[in-house]
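Trainee: My questions concern the predicted model and sequence given below.
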Amino acid sequence: MLTILRLSLVFIICAILSIQDVKCKKISVPILLSAFLLQIILIAIEAFDLLIPHLINSIVLTLFYFFQSRFARGKLGSGDILFAAFTGLSITFWGFLWLTLVIPPLAALLFALFFYIFNHKIAAIRIPYVPFMSIGLIATVIIELIF
């Protein structure tokens, strides 16, 4: 029951924050922090022994995106880094690898290619990254459920 509640929270937060990022190029930090704390509480209630691995995933993923933002010279915003913390809390280690290394950058690349093919002005726009991180998180959660 709690797993369904946690998954519902992930899907709802991904949808809300993706829409905000696309429309405003910002995400709501209070919504994200509330979801983060609720996710911690639900994990602790469901399986307290899994809380530490989830928190480690969250820290590692946050650091990964933090350093990636430094190398990308500010192209990733603080909202992306905070969303990475929520994402790391929501997945297991195997899913963590799929999420950070494959799905979001590939989805963003495909979007940029399609945008360039149809618009030819890719350098002039700022592409929000939270929707691609959301796609990666949802795809990872689905893959974890299947396997």
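Mentor: Cool, got the structure.
Trainee: How confident was the prediction at Asp21?
Mentor: Asp21 carries a pLDDT score of 95 in this model.
Trainee: Show the contacting residues for it.
Mentor: Shown in contact with Asp21 (CB atoms under 8 Å, 6 or more residues apart in numbering): Ile27, Gly79, Pro128, Tyr129, Val130, Pro131. All C-beta atoms are positioned from the backbone trio N, CA, C, and that covers glycine.
Trainee: Tell me who's in contact with the fifth one.
Mentor: The reference is to Val130. Taking CB under 8 Å, 6+ apart, one finds Leu17, Ser18, Gln20, Asp21, Ile27, Gly79, Asp80, Phe83 in contact with Val130.
Trainee: In which helix or strand does the second one reside?
Mentor: Yep, that's Ser18 we're talking about. Element membership for Ser18 (DSSP states H and E) is helix 2-24.
Trainee: Switch the contacts of Val130 over to a markdown table; also include distance to Val102.
Mentor: As requested, those are exported to a markdown table (distance: CB to CB, whole Å):
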| residue | distance to Val102 |
| --- | --- |
| Leu17 | 21 |
| Ser18 | 19 |
| Gln20 | 25 |
| Asp21 | 21 |
| Ile27 | 23 |
| Gly79 | 22 |
| Asp80 | 17 |
| Phe83 | 17 |
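Trainee: shouldn't Ala108 be in contact with Ile127?
Mentor: Yes. Ala108 lies in contact with Ile127 (CB atoms under 8 Å); the separation is 6.5 Å.
Trainee: For these two, work out which one has more neighbours and name it.
Mentor: Counted by other CB atoms under 10 Å, Ala108 and Ile127 do not tie: Ala108 has more neighbours, with 18 against 15.
Trainee: Buried ones in the helix or strand harbouring that one, by neighbour count?
Mentor: Under the criterion of DSSP H and E, Ala108 resides in helix 103-119. For helix 103-119, burial by neighbour count (16 or more other CB atoms under 10 Å) applies to Ile103, Pro104, Ala107, Ala108.
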